[in-house]
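[1] sequence-free structure coming up:
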């Protein structure tokens, strides 16, 4: 025998009629009102997330129905999951070019959003062959003691691989979770919350090319994990980009180091120096480094290091004593600068990812005796006085960060602030995909009295 259940909307309607009857003493209270117009049904919705997984692409804008929905999304980032009305939407991805221009690299692509469905739109491939990968799955509430995971191969330079998801101490004896090549995906799959280890091997072999070590997958999480090209330190060809619906983080291979290099930018009378790490005076990390020399990058385990700088061979005279926190997957430039009596370290975070559509140029003011300056960067052969400074009021210890410039030849003029008196002049020839750092230095001990530049990276 069936039972009829009075639903909440019907109860609410009945309550409203009762209240209307009780609240009126008018003679017309016995006349029924016309049937009210029923409210429209709630709109059916879907959720959408956008992931920037193209390693040599610039920052992008993501447009939905011609309006910018996400602005300036960098490689290795993901948007939050955004709720949209179901139905057709147009998605377009525009790359940000030097000078403020944009170029459409994907779309517009029309997506038909089904109700209660989650859509993941990934920009994958190198710039020359960038494409949109669209993955859909049911929109669910993941139980608090489980994790839902979907894995995507988004590293175009990596071969077909096997993926193992095991307990941290397990060997690779078991069958892999799956095998996939660029553009493929595994899942979604729900697993119990807890500690796991993700390893990637070349398909059909036990050659591990990536290993997270032990990681915690929290209960209730709905994770999209993309294997993307490793653009930082270390030998692993990939890193894992993990999106939880709010943003993204990078999981490095557990053996990923930190890279560090050292620059001697303290002019005479500062002598050549030794760089000592963790008081190992018997074996200097960098021996006999002279102004204005610099070292190549050295890979070290991520850790906090004590760094001391002494005149070469004179361990008893410490001119710099500082702690340096080198995090996994990072690259750093450590510059010793200033006159000897006031010598100090300047630590810069380096970004050596190459972008196919621009050159990345960074300028550092390391000339302690130059004072505040203006920096002009103009097309080669042009009169710089017809331009505004690219970097006005540039003070000692300042750096510009990485500036996106179009490929070409440029003249760089460094002048005393507010004047056209040139202190440094140089011509640079830069190419798309290049990374460049120039550090302003004090004059050499050669009697010329001329300021100059320490040219690094692709210079």
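    Thanks, I have it. All of these numbers come straight from a predicted model, not from anything done at the bench.
[2] for the protein, what spans make up the helices?
    Under the criterion DSSP state H, helices of the chain are mapped to 8-22.
[3] and it, what are its domains?
    42-139, 141-256, 257-350, 353-459 (automatic domain parsing).
[4] by mean pLDDT, flag the weakest helix or strand of this structure.
    Counting by mean pLDDT, DSSP states H and E, the chain has its least confident helix or strand at helix 8-22, which shows a mean of 31.
[5] re the thing from before, reformat the domains of the chain as CSV; add mean pLDDT.
    Putting the domains of the chain into CSV (pLDDT from 0 to 100) gives the following:
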stretch, mean pLDDT
domain 42-139, 95
domain 141-256, 96
domain 257-350, 96
domain 353-459, 96
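[6] would TSV of those domains with mean neighbour count be doable?
    C-beta: built from backbone N, CA, C; applies to glycine. Conversion of the domains of the chain to TSV gives the following (neighbours: other C-beta atoms under 10 Å):
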stretch	mean neighbour count
domain 42-139	17
domain 141-256	17
domain 257-350	17
domain 353-459	17
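[7] separation between residue 439 and residue 426?
    Note on residue 439: its distance to residue 426, by C-beta to C-beta, to the nearest Å, is 12 Å.
[8] again, but for residue 271
    27 Å.
[9] please apply the same query to residue 329.
    Here residue 329 is placed at a distance of 32 Å from residue 426 (C-beta to C-beta).
[10] with residue 171 instead?
    Separation of residue 171 from residue 426 (C-beta to C-beta): 57 Å.
[11] next: residue 93.
    From residue 93 to residue 426 the distance is 37 Å (C-beta to C-beta).
[12] swap in residue 446?
    From residue 446 to residue 426 the distance is 18 Å (C-beta to C-beta).
[13] also residue 435?
    17 Å.
[14] contact partners for residue 151?
    Contact analysis of residue 151 by C-beta atoms under 8 Å, 6 or more residues apart in numbering lists 163, 177-178, 180, 185-187, 225-227.
[15] equivalent analysis for residue 55, please.
    75, 126, 155, 228-229, 231, 353 are the contacts of residue 55 under C-beta under 8 Å, 6+ apart.
[16] contacting residues around stretch 341-349?
    266, 270, 307, 309, 319-320, 322, 324, 330-338, 362, 364, 366, 368, 397, 399.
[17] just the ones of those in strands?
    Applying DSSP state E to those, the entries found in strands are 307, 309, 320, 322, 324, 331-337, 362, 364.
[18] tell me the one among those nearest to residue 113.
    If you rank the ones in strands among the contacts of stretch 341-349 by distance to residue 113 using C-beta to C-beta, residue 331 comes first, at 40.5 Å.
[19] wait, the closest one sits on residue 353?
    No: using C-beta atoms under 8 Å, residue 331 makes no contact with residue 353, being 10.0 Å away.
[20] common neighbours of these two, please.
    residue 232.
[21] go through the chain and flag its longest strand.
    strand 102-113.
[22] so what's residue 331 up against?
    232-233, 258-260, 297, 349-352.
[23] do that again at 7 Å, thanks
    Contact partners of residue 331, counting by C-beta atoms under 7 Å, 6 or more residues apart in numbering, are 232-233, 259, 297, 350, 352.
[24] ditto for residue 363
    Contacts of residue 363 (C-beta under 7 Å, 6+ apart): 375, 391, 399-400, 438.
[25] go again with 8 Å.
    Taking C-beta under 8 Å, 6+ apart, one finds 375, 391, 394, 399-400, 403, 412, 437-440 in contact with residue 363.
[26] I'd assumed residue 276 was in contact with residue 284.
    Yes: under the criterion of C-beta under 8 Å, residue 284 makes contact with residue 276 at 5.6 Å.
[27] need the overlap of contacts for these two.
    Counting by C-beta under 8 Å, 6+ apart, residue 284 and residue 276 have no common neighbour.
[28] who touches residue 71 in this structure?
    Neighbour list for residue 71: residue 61 [criterion: C-beta under 8 Å, 6+ apart].
[29] I'd like the distance between it and residue 257.
    Residue 71 is 33 Å from residue 257, by C-beta to C-beta.
[30] same check, this time on residue 346
    Residue 346 is 22 Å from residue 257, where distance means C-beta to C-beta.
[31] go on, residue 398?
    Residue 398 is 29 Å from residue 257, by C-beta to C-beta.
[32] next one: residue 63
    According to C-beta to C-beta, residue 63 stands 39 Å off from residue 257.
[33] how about residue 450?
    Note on residue 450: its distance to residue 257, by C-beta to C-beta, is 38 Å.
[34] equivalent analysis for residue 166, please.
    Distance from residue 166 to residue 257, by C-beta to C-beta: 25 Å.
[35] now do residue 430
    28 Å.
[36] ditto for residue 362
    22 Å.
[37] go on, residue 79?
    Distance from residue 79 to residue 257, by C-beta to C-beta: 30 Å.
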